[in-house]
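S.K.: Quick check, what structure comes out for this input:
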Amino acid sequence: MISAVLLKPARVADFPVGVDHVIDCAGHSGLLAHGAQVLRAGSDMTTLSRGALADQELFDALNAAGRQSGARLHLASGAIGALDCLRAANVGTLSSVRYVGRKPLQGWIGSPAEALIDLKAIADIARTHFKGSARHAAIEYPKNANVAAAVAVAGIGFDRTQVELVADPTTTENIHEATAQGDFGSFQFGIPGQPMLDNPRVCRDERDRTD
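M.R.: Predicted coordinates:
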């Protein structure tokens, strides 16, 4: 029998006895505040906050806590698939891995993209507002670069994985593309995903169209 309890304790010490697995949906700050404590307490953990691992101090703390207790940290794949293929390719030598995240304009509202480009002025041409490493993307875009972080962890790491983030007025989908080259050959994967209709950004965009 499997049971689940939704908890919001102030401390891991307040968890009830017998918690075997914790699922983190609290974002980067939640993993930073509680992740190492959960692992040290001996509970396995699944996190959606892959981008937080770009913080090397946090990464090292989670790794040390898991080694100390034997607990494991599981990384949810999230919005992109084929990471098993990328991990398999990494058994040999991967020479390059690149991730491109392309979203409609409303998908970047509330992100650093607003300070870099005028989202309201873009008419019909896609604009790249970030190019750099997966580490910088995850740190600068904590709510938008979790997929980039997932690709980095599965492949050649945060510093060697190259990321491009694009605001595209011609699409209504969140498009994730990963490419890699190495001893195995080459790899290309893409997935266009539909944003959830109850996403506040989508709802706001629909209201703007009908007002």
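S.K.: So this structure: which segments form each domain?
M.R.: Listed by automatic domain parsing, the domain ranges of the chain are 12-75, 83-210.
S.K.: distance of the residue nearest the centre of the chain from Ile191?
M.R.: Of all residues in the chain, the one closest to the mean position by CA atoms, centre = their mean is Asn146, 1.2 Å from it. According to CB to CB, to the nearest Å, Asn146 and Ile191 sit 14 Å apart. Using the backbone N, CA and C atoms, a C-beta is placed for each residue, glycine as well.
S.K.: Roughly how far does Gln56 sit from Asn90?
M.R.: Noted for Gln56: a distance of 20 Å to Asn90, by CB to CB.
S.K.: Give the residue from those two that has the larger number of neighbours.
M.R.: Asn90 (17 against 11; other CB atoms under 10 Å).
S.K.: how near is that one to Pro112?
M.R.: The gap separating Asn90 from Pro112 is 29 Å, by CB to CB.
S.K.: Show me what Gly190 is bridged to.
M.R.: Here Gly190 sits in beta bridges with Glu177, going by DSSP bridges.
S.K.: so it makes contact with His176?
M.R.: Yes: when contacts are counted by CB atoms under 8 Å, Gly190 is listed as touching His176 (6.7 Å).
S.K.: could I get the domains of the chain as a markdown table with mean pLDDT?
M.R.: Output for those, formatted as a markdown table (pLDDT from 0 to 100):
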| stretch | mean pLDDT |
| --- | --- |
| domain 12-75 | 84 |
| domain 83-210 | 85 |
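S.K.: Can you tell me what sits against the helix or strand containing Ala64?
M.R.: Ala64 is part of helix 56-69, with elements assigned from DSSP states H and E. Here helix 56-69 makes contact (CB atoms under 8 Å, 6 or more residues apart in numbering) with 31-32, 35-37, 39-42, 52-53, 71-73.
S.K.: Filter those down to the buried ones and hand me the ChimeraX line.
M.R.: Of those, the buried ones can be selected in ChimeraX as follows, counting by 16 or more other CB atoms under 10 Å:
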select :31,32,35,36,37,39,40,41,52,53,71,73
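S.K.: Now distance to Ile122 too, for the contacts of helix 56-69, in JSON lines please.
M.R.: Shown next, in JSON lines, are the contacts of helix 56-69 (distance: CB to CB, whole Å):
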{"residue": "Leu31", "distance to Ile122": "33"}
{"residue": "Leu32", "distance to Ile122": "34"}
{"residue": "Gly35", "distance to Ile122": "37"}
{"residue": "Ala36", "distance to Ile122": "41"}
{"residue": "Gln37", "distance to Ile122": "44"}
{"residue": "Leu39", "distance to Ile122": "43"}
{"residue": "Arg40", "distance to Ile122": "47"}
{"residue": "Ala41", "distance to Ile122": "48"}
{"residue": "Gly42", "distance to Ile122": "50"}
{"residue": "Ala52", "distance to Ile122": "30"}
{"residue": "Leu53", "distance to Ile122": "32"}
{"residue": "Ala71", "distance to Ile122": "46"}
{"residue": "Arg72", "distance to Ile122": "43"}
{"residue": "Leu73", "distance to Ile122": "39"}
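S.K.: how close does His21 get to Ser29?
M.R.: Taken as CB to CB, the span from His21 to Ser29 is 21 Å.
S.K.: cool, Val91 as well?
M.R.: For Val91, the distance to Ser29 - CB to CB - is 34 Å.
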